[in-house]
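Engineer: what's the 3D shape of this:
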Amino acid sequence: MAFDLSGLGISEISSVGHALSGSADDYANDPQLELAWAMKTMNYAETHMKLIQSVDAVQLRLTKEDDAIHSVFAEMFANLKIDVIIEDDIKSEENKKVWREFCNKFEGKVEDYNFGTLLRLDVTKEYSDKNTTLVPRVQFLAIEIARNRSGLNTQHFKKGQSN
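Structural biologist: The predicted structure follows:
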């Protein structure tokens, strides 16, 4: 899952960071930008996996807004099964509307709230092509915070401790 960034200089990395923080409407499909976005997304996924393998996620806070995110998530998605996500439960046209309403509640409150982020579909597995889907960052946060608080991610900590 790692990408070699050693060939990039400080100014190039800074340019990529600046470009990634801009509006998507300002860009055409630039292969360099797409690669930078993919690298940032993969790095985020790798960091998240390492984090839940090294800390018991029950105690983990991902943002300063965890309590608010979890509260709204629990209210709006009380029946969503979070251990194994069925893509249609989060990506059907009907569900996208509800998720969009949820996500917009955190605009200006959660940094990069709508940045594309990889979400593991099955909590028991690590990130892989078959076990991920792309969601807005705040949707990822909501599901992972719920998984953390319910103890579903603790298995990765226990596995990390035994290695």
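Engineer: all contacts plus neighbour counts: C-alpha atoms, from now on.
Structural biologist: Fine.
Engineer: what packs against the helix or strand harbouring Phe102?
Structural biologist: Secondary structure from DSSP states H and E places Phe102 in helix 93-104. Applying 3 or more C-alpha pairs under 8 Å, 6 or more residues apart in numbering; DSSP states H and E, we find helix 93-104 packed against helix 66-76, helix 87-91, helix 137-149.
Engineer: Can you list the buried residues in that helix?
Structural biologist: If you call a residue buried by 16 or more other C-alpha atoms under 10 Å, then helix 93-104 has these buried ones: Trp99, Phe102, Cys103.
Engineer: could you point out which element follows it?
Structural biologist: Taking DSSP H and E, what comes next after helix 93-104 is strand 116-120.
Engineer: Now that next one: average pLDDT?
Structural biologist: Averaged across strand 116-120, the pLDDT comes to 94.
Engineer: For the buried residues of helix 93-104, could you give me JSON lines that also reports pLDDT?
Structural biologist: Output for the buried residues of helix 93-104, formatted as JSON lines (pLDDT from 0 to 100):
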{"residue": "Trp99", "pLDDT": "96"}
{"residue": "Phe102", "pLDDT": "97"}
{"residue": "Cys103", "pLDDT": "97"}
